[in-house]
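Colleague: kindly generate the corresponding structure for this input.
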Amino acid sequence: MTSISKELCNLDRYSRDQAEELRKRGERYHWWHLTVRPLAVFCYCFVWKRGFMAGYRGFWAAALEVCFDFWSHAKLRELELRESSAN
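Modeller: Numbers count the residues shown, from 1 in each chain. As a prediction, the model looks like this:
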């Protein structure tokens, strides 16, 4: 079992990579990515994919997925801001 610190390090690294991948695909940041989308991702993972059946492990997996998605889009926004200030 990995520690929470290790999970957070992985989350940081993978969300950075995901933000760069989203940017390469031409996706753009929208305000709802950080407001509405986290709730939708949680409901999808915990309810639709039946994460609740796994108890706290399902909750933990859904929460990590929400964090990953949130930070990926927050970092996408950061990339866009950095790019616009460079121009």
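Colleague: which residues touch residue 63?
Modeller: residue 42 (C-beta atoms under 8 Å, 6 or more residues apart in numbering). Yep, even glycine has a C-beta here, placed from its N, CA and C like the rest.
Colleague: could you rerun that using 7 Å?
Modeller: Not one residue lies near residue 63 by C-beta atoms under 7 Å, 6 or more residues apart in numbering.
Colleague: that one in helix, strand or coil?
Modeller: Secondary structure for residue 63, judged by DSSP: H, G, I helix; E, B strand; the rest coil, is helix.
Colleague: swap in residue 82?
Modeller: Under the three-state scheme (three-state DSSP), residue 82 adopts helix.
Colleague: now do residue 23
Modeller: Classification of residue 23 using three-state DSSP returns helix.
Colleague: tell me, how many residues neighbour it?
Modeller: If you count neighbours by other C-beta atoms under 10 Å, residue 23 ends up with 16.
Colleague: am I right that it is in contact with residue 79?
Modeller: Yes - at 5.3 Å, residue 23 and residue 79 qualify as touching, with contact defined as C-beta atoms under 7 Å.
Colleague: where along the chain do the helices fall?
Modeller: For the chain, helices defined by DSSP state H occupy the ranges 4-24, 32-35, 37-43, 56-86.
Colleague: in stretch 53-66, what's buried?
Modeller: By neighbour count on 16 or more other C-beta atoms under 10 Å, the buried set for stretch 53-66 is 58, 62, 63, 65, 66.
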